[in-house]
Each structure stands twice: as structure tokens, then as C-alpha cells.
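>>> can you look at this prediction? I've put the sequence above it.
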Amino acid sequence: MTNTLYPSFKILMVDDEEVFLRSLSFSLERYAGIDNIKQCTDSRLVMDELATGQFAVVLLDLNMPHLSGEALLEKIVECHPHIAVIIISGIGQIERAVQCIKSGAYDYYVKTDEPERLMGGIKRVVRFQELNIENQSLRQYMLENTSPDQDAFSHIVTNDARMRSIFQYILSVSRSKQPILITGESGVGKELIAKAIHDSSGRGGELVCVNVAGLDDHLFADTLFGHKRGAFTGADSQRAGMIEQAGAGTLFLDEIGDLNIASQVKLLRLLQEGEYYPIGSDKPKRIQARIIAATHQDLNKKQRAGDFRNDLYYRLKVHHVDIPPLRQRKGDVALLLDFFLEAAAKELGKVKPNVPRELAVLLGNYSFPGNIRELRAMAYDALSVHQSRTLSMSVFKQAMDGQESSLPDASLMDGEREIFISDQPLPTLKEISTLLIKESMKRAHGNQSTAARLLGISQPALSKRLKKSAQEDDVL
């Protein structure tokens, strides 16, 4: 299993004191998880190193033979303005360091500062540069409208513009080490999106999925962190946790909204410190995996209710992917139906049937509260009982009978938009009835059975109303 260096860009440490360089390198790896570092003791070699284009951060001493830190800073700012320079000076050099800030340095620290302060400052500049790189990458994708990597997204069936935008966003952030939060209703395909993120990340380890719903605090810790032999009753042997199994890959935590408060604290500490303790061990291990979390719940509401920690929410939401429900991706319904029917036919050893035109219209006007998972279940169930050349619509209609045939616009449900204008007269019942019938026939592409289903009335009742309306039009 290959080890992924962090961050994705290199950090150049420049100081003529080898002991300090070794000590700082060790501390960065031990306490911040930063190991993509190169040391340089000769200031004359710095510009050649930076010319390779691999560096985004420079940690620079001021007092060095041959070429001073001030002279180097001037050259770096002029030739490589995108590189962030942190001055790490000795005692008595504060005034010089402040002058360096005015000359373009990102920040400065004294070598004798508390290690936590220095580590925190370096982690902040690394995060700052990560965001810069991610924003530049995202802007490039948006401007060039490049096609997403087909290999990473080949398992997701869609032609939807919003989904394509999500793919582009994923490509821009996939190589970051920061967490990603995936939100969306149940059944929209959050695990497929997590797989796409992992596949496009280039990470050397595996994608390890854990559903945390229903895990108590002890089971959560044991599942993620593992345990030593004898750590508790029944621990007859040592067991590696899911973090260790993921290695340098990706750890996907599904249903994160169901995590209890005690476990939330453990996860927050893992994200903050980058290390964990297997149960029964006093030796910490560093996490190499990237964390992706997913939930169908509204974490903002859970925060207000005190059921989800604010600090954990913002730690997880460094990058955010919100997947639209299927009812907002009407163009994908026919594609997905064809895909599921083909897969079901192959699995069941049947010939893929013809799909009646009316079925596409019917499904196009259905809200799909269970989203893609519901459509898949419908397709497999329909094919399992299929007998003739053309697919029967009965299974689909029966499945829909127990659900709402249509969901109103979200703004209507939340009361954010009025259906009627308050200073205008109300339409009559007859006018409303006429408008509803016309709209239902429009959505049903002229199919009376489908239009009647949308209105919640029988087909004969709709036919009667249509005939009456036509007679009234003739009279007029």
C-alpha cells in the first residue's frame, strides 16, 4: 500500500541549522501530519528548487550565509508570487521579520515560540494554499467547461446539468486532504458520489465504508480505531480499525447525522489532531485516510436542537456536495429506468422488454420520495413479473398508489411563496378546475389516464369534465 504525502504540494524549509530543520520536520509530521517537506541548508539553491514548480510554501530563516532571508524573500515574491513565505526567525530579529511582512511574507514566528503556536501557523498557511489551489482548479473547470473524467463517474447514470456541475466540483477538490460532506435525501446515491470522489482522488489506499447509524460510543470507537488484545472482555485478539484498513485511502462515514454526541467528540478530536488511540493502547496512531461523511438529515436543524456539534459540522463541511433529488432531475428518469431494466434483465435471465410511452410520462410526473433507490426497486419488481413483449405499467402504478403522486414546490411547502396574489380577486372554482385540467393534460402529454392520476380522480371523471369543457367552448 503506497503512502500519500500531505499536503499535495511541497514545503521547502530553508535554514543553515540542520538540527533545527530535523527537529521542525519531525514536529510537523508528528503533530500536524505534514510530511511533504524538503530541507535546504544552502540559500543559494533555493531559487533552483522553486523553479521546479512543486512548492507552494517556504519556511525561511533570516540569518544565513551566502544569501540572507531578506534577499531570498525579495526574489521569491518577484519570481513566484503564488508561493506563501513564512519567516521563522531567531530572538532579536522581530523588527526584521516585521519588515519582511511588509515586503510580502505571509507571516512570521520566533524559533523559541511554543510548538503548538508554530504548528498552528504552518497548518493555517497550508490550508490557505490548499484553498487557493482548489479555487483555481474549480475556476479552470468552470471556464473551460471540460468534460469530467469518465472513469471516475462512469457508474453514475445522468445527463443532468446540476450533476455535471457536481462532477466538476468533485474533480477540483478530490485531491485535497480535507473532509467532504455529502448531503441529499435517502436514495439519491451518496455512496456512489463518495466512490467517485475516491476514484478521482488518486489516493493509494482503499475506499472503506462505515454506516455509523445505530453504533453506540464504544462500538463506534472499536469500529474506527480498533483495539488491542485484552482491551475489554471478549477482546481475545488485536483488531485493526477501519481507519487503519483504509490506510492512505478514503474513509466514508455514512449516516453521520445519527452519530451520538459522545462519538461526535471522538470524531472531532480525530479531525483536529489527525491521530487516534486504539482501545486499550496508550500509543497514538496517525490517520492517513481522507474522511468523507454523508447524511440525509438537515444538520443545521440538528445543531439548533443541540443534537449535532457546531464545531464538528464545520470541520466536516470544508467541502460540501449536495445531491439533488430525482424529482429535480426529470431528464434522468428515462435513462435510469433503461439502465435498471437492462441490469435486471441480465440478472434474471430475461429479454429486456419494450417500455410503453405512457410509462415515461407517468414516471416523469411522479415525485419519487425514495429517489433512485425507489425507481430501481420498481424496475426490478416489474421485470420479475414481466411476461409479454411490452413492460406492464401495473407494478409502477401499484407502487405509486401508496405515495404522493406529486410533491409541490419546496417554496410552497415552506410558505415562502403565495399561490394567490393578495391584492387580486380570487379565481372561481370553475376557473381553477379548468386550469388544473389543462395543466394535467399538458404534463401527461395528452394521456387521460395519466392526467387523471395526477389530479387524483378517475379517468371517466376526467373524460366527462373534458367533454363538458369542450361543449362550453363550442357554445361560446
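Good, I have the coordinates. Being a predicted model, the structure only gives us computed values, none of them experimental. Numbering: from 1, shown residues only.
>>> C-alpha from now on. contacts and neighbour counts both.
Noted.
>>> and residue 55, its phi and psi?
Note on residue 55: its backbone torsions stand at phi -110, psi 140 [degrees, to the nearest 10].
>>> any figure for the gap between residue 206 and residue 238?
21 Å (Cα to Cα, to the nearest Å).
>>> next one: residue 186
Residue 186 is 36 Å from residue 238, by Cα to Cα.
>>> which one's more surrounded, those two?
Neighbours were counted for residue 186 and for residue 238 using other Cα atoms under 10 Å; residue 186 has more, 18 against 15.
>>> backbone dihedrals for the closest residue to that one other than its chain neighbours, please?
The spatial neighbour of residue 186 that comes closest, neighbours along the chain excluded (Cα to Cα, 6 or more residues apart in numbering), is residue 296 at 5.7 Å. Dihedral pair for residue 296: phi -100, psi 0, per degrees, to the nearest 10.
>>> go on, residue 175?
Per degrees, to the nearest 10, the backbone of residue 175 is at phi -90, psi 0.
>>> next, count neighbours for it.
Neighbours of residue 175 (other Cα under 10 Å): 19.
>>> correct me, but it touches residue 204?
No: at 11.5 Å, residue 175 does not count as touching residue 204 under the criterion of Cα atoms under 8 Å.
>>> give the contact list for residue 386.
Contacts of residue 386 were listed using Cα atoms under 8 Å, 6 or more residues apart in numbering, and they are residue 392.
>>> and residue 19, what element?
helix 18-32 (DSSP states H and E).
>>> and the next element down the chain from that helix?
Trace forward from helix 18-32 with DSSP H and E and the next one is strand 37-40.
>>> which other helices and strands does that next one contact?
When contacts are defined as 3 or more Cα pairs under 8 Å, 6 or more residues apart in numbering; DSSP states H and E, strand 37-40 packs onto strand 10-14.
>>> and the contacts of the strand it packs on?
21, 36-43, 46, 54-61.
>>> which one's the longest helix in the protein?
helix 115-144 (DSSP state H).
>>> helices or strands up against it?
helix 18-32, strand 55-60, strand 84-89, helix 161-173.
>>> how does it look with 7 Å?
Based on contacts counted as 3 or more Cα pairs under 7 Å, 6 or more residues apart in numbering; DSSP states H and E, the elements that helix 115-144 packs against are helix 18-32, helix 161-173.
>>> report the inter-axis angle for it versus strand 84-89.
Interaxial angle, helix 115-144 versus strand 84-89 (axes from the mean of the first three to the mean of the last three Cα atoms, to 10 degrees): 170 degrees.
>>> mind checking how far the nearest residue to residue 110 once chain neighbours are set aside is from residue 80?
Closest residue to residue 110 apart from its sequence neighbours, by Cα to Cα, 6+ apart: residue 89 at 5.0 Å. Plainly put, residue 89 is 21 Å away from residue 80 if you go by Cα to Cα.
>>> compare these two (neighbour count), which wins?
residue 89 (22 against 17).
>>> the more buried one and residue 62 touch, don't they?
Yes: Residue 89 is in contact with residue 62 according to Cα atoms under 7 Å; the separation is 5.9 Å.
>>> buried residues in the helix holding residue 19?
21, 24-25, 27-28, 30-32 (16 or more other Cα atoms under 10 Å).
>>> of these, closest to residue 116?
residue 31 (8.5 Å; Cα to Cα).
>>> tell me the pLDDT at that closest one?
You'll see residue 31 listed with a pLDDT of 78.
>>> residue 108 now?
For residue 108, pLDDT reads 90.
>>> surely it forms part of a strand?
Yes: counting by DSSP: H, G, I helix; E, B strand; the rest coil, residue 108 is located in a strand.
>>> please write out the alpha-carbon positions of the host helix or strand of residue 438 in PDB.
Per DSSP H and E, residue 438 falls inside helix 429-443. Extracted in PDB, the C-alpha atoms of helix 429-443 (Å, rounded to 0.1, in the frame of the first residue of the first chain):
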ATOM      1  CA  LEU A 429     -63.700  27.200  -8.600                       C
ATOM      2  CA  LYS A 430     -64.600  26.700 -12.200                       C
ATOM      3  CA  GLU A 431     -61.600  28.700 -13.400                       C
ATOM      4  CA  ILE A 432     -59.300  26.800 -11.100                       C
ATOM      5  CA  SER A 433     -60.800  23.500 -12.300                       C
ATOM      6  CA  THR A 434     -60.200  24.400 -15.900                       C
ATOM      7  CA  LEU A 435     -56.600  25.500 -15.200                       C
ATOM      8  CA  LEU A 436     -55.900  22.200 -13.400                       C
ATOM      9  CA  ILE A 437     -57.300  20.100 -16.100                       C
ATOM     10  CA  LYS A 438     -55.300  21.900 -18.800                       C
ATOM     11  CA  GLU A 439     -52.100  21.600 -16.800                       C
ATOM     12  CA  SER A 440     -52.600  17.900 -16.100                       C
ATOM     13  CA  MET A 441     -53.200  17.100 -19.700                       C
ATOM     14  CA  LYS A 442     -50.100  19.200 -20.700                       C
ATOM     15  CA  ARG A 443     -47.900  17.300 -18.200                       C
END
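>>> which positions in it come out as buried?
Under 16+ other Cα under 10 Å, the buried positions of helix 429-443 are 437, 440-441, 443.
>>> can you list those residues in CSV and add pLDDT and distance to residue 85?
Shown next, in CSV, are the buried residues of helix 429-443 (pLDDT from 0 to 100; distance: Cα to Cα, whole Å):
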residue, pLDDT, distance to residue 85
437, 84, 68
440, 81, 64
441, 82, 66
443, 79, 60
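>>> and which of these is nearest residue 314?
residue 443 (41.7 Å).
>>> ok so, going back, tell me which of the helices and strands packed on helix 115-144 lies nearest to residue 251.
Among the helices and strands packed on helix 115-144, helix 161-173 sits nearest to residue 251 (Cα to Cα), with 15.9 Å.
>>> still on that earlier bit, going through the contacts of strand 10-14, which ones are buried?
Buried, going by 16+ other Cα under 10 Å: 21, 36-37, 39-41, 43, 46, 55-61, out of the contacts of strand 10-14.
>>> next one: the strand or helix carrying residue 294 to chain centre, how far?
Per DSSP H and E: residue 294 is located in strand 290-295. Centroid separation for strand 290-295 versus its chain: 7 Å, with Cα atoms, centre = their mean, to the nearest Å.
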